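Undergrad: got a predicted model here, sequence first, then my questions.
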Amino acid sequence: MSKRTKEAQKHLQQKREQYHRQEEKIEEMKCTMQHTEEEIKQLEYVLEVMKSAEKGRKRRVITHDKIKEYFASFSRFFDFLQHRLNLFVHYELVCEIIFARYRFRSRSRTPGREYLSFATVLTYFKNERSMVS
């Protein structure tokens, strides 16, 4: 074979490999986009439920001794949410929402509204769900 033919074959092989890598990247991107879309839907639904829940009742202060009760009821709500959406809801994402809301409400540092870190919120939730080993 001539030198040009070998170079053309080598170039063709490189282009085929490049094409396969691009196909793999596209599949990964589609998967990532689908997960992101699902998370957006979950967040929109959670925020909608939170807004409607706030409109229907007075603000409620959860005292430190009733936190375990709150997380038990939240765990039941979490199960309902997963069942209703027919999707796996990322518990860390939902705990992040609770933490943000709790942090906003406890910003005044008034008694009975002690600050909880995200790790504490996550741990309470995991304990309630028996996810801690």
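TA: Received, thanks.
Undergrad: okay, CA-based contacts and neighbour counts for the rest of this
TA: Fine.
Undergrad: correct me, but Phe99 touches Phe118?
TA: Yes - contact criterion Cα atoms under 8 Å: Phe99 and Phe118 qualify, at 5.7 Å.
Undergrad: return the set of buried residues in stretch 71-79.
TA: Phe71, Ala72, Ser75, Phe78 (16 or more other Cα atoms under 10 Å).
Undergrad: filter these down to the ones in helices?
TA: In helices, defined here by DSSP state H, the members of those are Phe71, Ala72, Ser75, Phe78.
Undergrad: can you redo those as TSV with pLDDT and distance to Lys3?
TA: Shown next, in TSV, are those (pLDDT from 0 to 100; distance: Cα to Cα, whole Å):
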residue	pLDDT	distance to Lys3
Phe71	76	72
Ala72	79	74
Ser75	79	69
Phe78	79	66
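Undergrad: quick one: distance of the longest helix along the chain to the chain centre.
TA: With secondary structure taken from DSSP H, the chain has its longest helix at helix 3-56. Helix 3-56 sits 18 Å away from the centroid of its parent chain (Cα atoms, centre = their mean, to the nearest Å).
Undergrad: who are the packing partners of that helix?
TA: Under the contact criterion of 3 or more Cα pairs under 8 Å, 6 or more residues apart in numbering; DSSP states H and E, helix 3-56 touches no helix or strand at all.
Undergrad: repeat the analysis, applying 10 Å as the threshold.
TA: Other helices and strands packing on helix 3-56, by 3 or more Cα pairs under 10 Å, 6 or more residues apart in numbering; DSSP states H and E, are helix 67-85, helix 91-105.
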